[in-house]
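# Provided below for reference: sequence and predicted model.
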Amino acid sequence: MQRGLLLNADDFGRHSLINGAVEKGVAEGCLRSASLMPGEPCFSEAVALAKKHPQLGVGIHFTLVDGNPVSPAGEIPTLVTPEGKFLPNHTAFVKKYLQGGISLAEVRTELTAQLDKVLAAGITPTHADSHQHIHILPGIFPIVLDILEAHGIKRVRTPKVSGRPMDFFTGGLGQIIGRWGLWGISALGKWQAKGRGFATPDYFSGKVAGDAVDEATVLSIVEEMPAGVTEVMLHPGLSNTELVKYSGWEHDYEAEYAASCSPKLKALLDEKGIVPVNYADMVR
């Protein structure tokens with residue numbers, strides 16, 4: 001089986017400096033996939049960029065935390081703060097969810113509205129994933145599959161991280177717990193998705209609770225890639241100073257942008273006969 005490297009840029013549409021990194025990653029590098037945030041301020045700019053670069057597969061980055069809803073706040077009261085914003089992060093969401101404070105009917109309403117907005121903009125998503133992996137939560141993931149299936153979208157991210165067992169024990173206790181928890185619910189989600197005829201990448205990589213995927217990291221991933229499609233989750237951007245200030249997330253956006261455009265990466269892919277792909281290239 002041919003090997004495919006699926007570099008996916010999350011948070012497309014959140015900021016112009018993210019959109020710019022995506023465009024450069026497509027035009028100058030090996031980036032072929034991005035996930036679009038429907039409620040964010042640079043959504044329209046991202047749509048225009050996507051239409052200029054048909055080789056870029058665009059998915060939907062379902063958002064239920066750390067962002068802006070598409071639905072009126074009054075229609076989704078359990079999902080938003082008094083200011084009409086989503087809860088600040090996955091920790092706050094999961095805590096409220098486990099306490100029974102999140103309405104799944106409202107989740108369905110909001111995610112449907114997000115997909116409708118993307119479709120109305122002339123983008124048919126190649127796949128779906130989500131901001132901070134909220135879509136994979138038990139109880140929410142079946143709703144996501146329902147919404148996608150109703151529109152004939154049959155590809156979805158299941159962030160079941162591939163790696164050596166020792167890699168799951170690096171960092172602090174919170175990072176370790178986060179990696180193992182995500183691995184467990186993603187394994188369940190992958191089984192559910194496959195059972196309903198959805199395609200998912202064979203392998204998933206990315207620093208889900210740690211540092212950025214820099215050039216050295218992505219080169220090491222490619223060196224060890226098995227047969228099939230390996231997705232590497234990226235959050236590229238053109239200015240750490242601006243984006244860290246904007247997002248409140250201490251992340252090396254520039255390193256992930258540089259990795260997507262690395263000449264060494266392109267040369268290594270050519271040497272090994274590995275093809276840059278997006279979700280549309282996967283066969284169910």
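Nice, I can see it.
# all contacts plus neighbour counts: C-alpha atoms, from now on.
Will do.
# Name the next helix or strand downstream of the helix or strand where residue 17 lies, please.
In the assignment (DSSP states H and E), residue 17 maps to helix 16-28. Once helix 16-28 ends, the next helix or strand along the chain (criterion: DSSP H and E) is strand 33-36.
# thinking residue 141 is in contact with residue 129, fair?
No: counting by CA atoms under 8 Å, residue 141 sits too far from residue 129 to count as a contact (10.2 Å).
# So for these two, which residue has more residues nearby?
residue 129 (23 against 20; other CA atoms under 10 Å).
# mind checking which helix or strand the more buried one is in?
strand 128-130.
# Tell me which residues are up against that strand.
The set of residues external to strand 128-130 that reach it, using CA atoms under 8 Å, 6 or more residues apart in numbering, is 35, 59-63, 135, 148, 155-158.
# can you check stretch 63-79 too?
37-40, 80, 84-90, 93, 101-103, 106-107, 109-111, 113-114, 130-132, 134.
# Tell me the buried residues within these.
Among the contacts of stretch 63-79, the ones that count as buried by 16 or more other CA atoms under 10 Å are 37-40, 80, 84-87, 90, 93, 102, 106-107, 109-111, 113-114, 130-132, 134.
# Just these: which are in helices?
90, 93, 106-107, 109-111, 113-114 (DSSP state H).
# With residue 7 as the reference, measure out to the residue nearest to residue 240 when sequence neighbours are not counted.
Closest residue in space to residue 240, ignoring its immediate chain neighbours: residue 253 at 5.7 Å, by CA to CA, 6 or more residues apart in numbering. Between residue 253 and residue 7 the distance is 14 Å, computed by CA to CA, to the nearest Å.
# and if you look at residue 112?
Relative to residue 7, and taking CA to CA, residue 112 is found at 26 Å.
# Now do stretch 35-51: distance from first to last residue.
End-to-end distance (CA to CA), stretch 35-51: 14 Å.
# Run through who's touching it.
By CA under 8 Å, 6+ apart, stretch 35-51 touches 8-16, 19, 23, 56, 58-63, 67-70, 114-115, 117-118, 121, 123, 128-129.
# how would you label the closest residue to residue 85 other than its chain neighbours: helix, strand or coil?
Distances taken as CA to CA, 6+ apart put residue 68 closest to residue 85, at 5.4 Å, once the chain neighbours are dropped. Three-state call for residue 68 (DSSP: H, G, I helix; E, B strand; the rest coil): coil.
# Roughly how far does residue 68 sit from residue 19?
18 Å.
# Which one of those two is surrounded by more residues?
Higher neighbour count among residue 68 and residue 19: residue 19, with 27 against 19, using other CA under 10 Å.
# List the residues that contact the more buried one.
Contacts of residue 19 by CA under 8 Å, 6+ apart are 12-13, 42, 45-46, 49, 237.
# What about those, which are in helices?
Members of these lying in helices (criterion: DSSP H): 45-46, 49.
# okay, these in CSV with neighbour count next?
Listed next are those as CSV, based on neighbours: other CA atoms under 10 Å:
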residue, neighbour count
45, 16
46, 27
49, 17
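# Make TSV out of these and add pLDDT and distance to residue 74.
As requested, the ones in helices among the contacts of residue 19 are exported to TSV (pLDDT from 0 to 100; distance: CA to CA, whole Å):
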residue	pLDDT	distance to residue 74
45	98	28
46	98	28
49	98	32
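# of those residues, closest to residue 2?
If you rank those by distance to residue 2 using CA to CA, residue 49 comes first, at 29.4 Å.
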